[in-house]
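**Student:** What shape does this take:
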Amino acid sequence: MSSPSDRSVDLTAAAVADDRQRFEALCLPYKADLYRFVFWLCHNHTLTEDVTQETLLRAWRSIGSLSDANAVRPWLLTIARRELARTFERKQLETVDLDSALAVGDPAFAAHDHREVDEMRAAILQLDAGFREPLMLQVLFGYSTEEIAKHMELSVPAVLTRLYRARNVLRRKMLGEMPDESDVDELS
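**Tutor:** Below is the predicted model:
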């Protein structure tokens, strides 16, 4: 015969199993989005992996506090952003004497040419918002065309057209050509 304490352990094990299933169903599908988002913020693969792992751990610990299953993605991104901020708050940077570092010829002080990246960013920012938004959702967050269509309340063919035109305009700008009139027509 089992004692009452045995039943409480069984209930706790069942609750943990339910939380695990809920976590796996809700959070794990967003792991790639989470990774891309953190990498976009910090541009460091090692740090991205650490922050993503810590974010998922925090999400696991607080999965019971998630009341709206539709809010999983923003919830995870918020946890990730805060975890990255915590990482930098805890980080103690080593101070270096600039004169001695310059004398050694540290390559960290060499000027880098990010002109092409800056030109691409400027060209993206010059895109009409109706073209820029679907492009960023696809490239930065990895949304499918169906997800973009749902998010922007458009048809899939309309999203595909906007993505095509956005890429065409960017390609022409980066090559120094004038954009084709059919690519920059007013959005309907």
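**Student:** Show me which helix or strand of the chain is least confident by mean pLDDT.
**Tutor:** Sorting the helices and strands of the chain by mean pLDDT, DSSP states H and E puts helix 4-26 at the bottom, at a mean of 66.
**Student:** Quick check: what element follows it along the chain?
**Tutor:** helix 31-42 (DSSP states H and E).
**Student:** List the contacts of the residue sitting nearest the centre point of the chain.
**Tutor:** For the chain, Phe37 is the residue whose C-alpha lies nearest the centre (C-alpha atoms, centre = their mean; 1.6 Å). For Phe37, the contact set (C-beta atoms under 8 Å, 6 or more residues apart in numbering) comprises Leu77, Ala80, Phe141. In this view, the C-beta of every residue, glycine as well, is placed from N, C-alpha and C.
**Student:** Pretty sure the last one sits against Phe39.
**Tutor:** No. Between Phe141 and Phe39 no contact is recorded; they are 11.6 Å apart, counting by C-beta atoms under 8 Å.
**Student:** so where do the helices sit in the chain?
**Tutor:** Under the criterion DSSP state H, the chain contains helices at 4-26, 31-42, 45-61, 72-90, 98-104, 115-126, 129-139, 145-152, 156-174.
**Student:** average model confidence for the fifth one?
**Tutor:** When you say that, I think you mean helix 98-104. Here helix 98-104 scores 69 as its mean pLDDT.
**Student:** same check, this time on stretch 154-169
**Tutor:** 93.
**Student:** chain center to it: distance?
**Tutor:** Stretch 154-169 sits 22 Å away from the centroid of its parent chain (C-alpha atoms, centre = their mean, to the nearest Å).
**Student:** now do stretch 22-39
**Tutor:** Put simply, stretch 22-39 sits 9 Å off its chain's centre (C-alpha atoms, centre = their mean).
**Student:** Quick check: buried residues in it?
**Tutor:** Phe23, Leu26, Cys27, Tyr30, Asp33, Leu34, Tyr35, Arg36, Phe37, Val38, Phe39 (16 or more other C-beta atoms under 10 Å).
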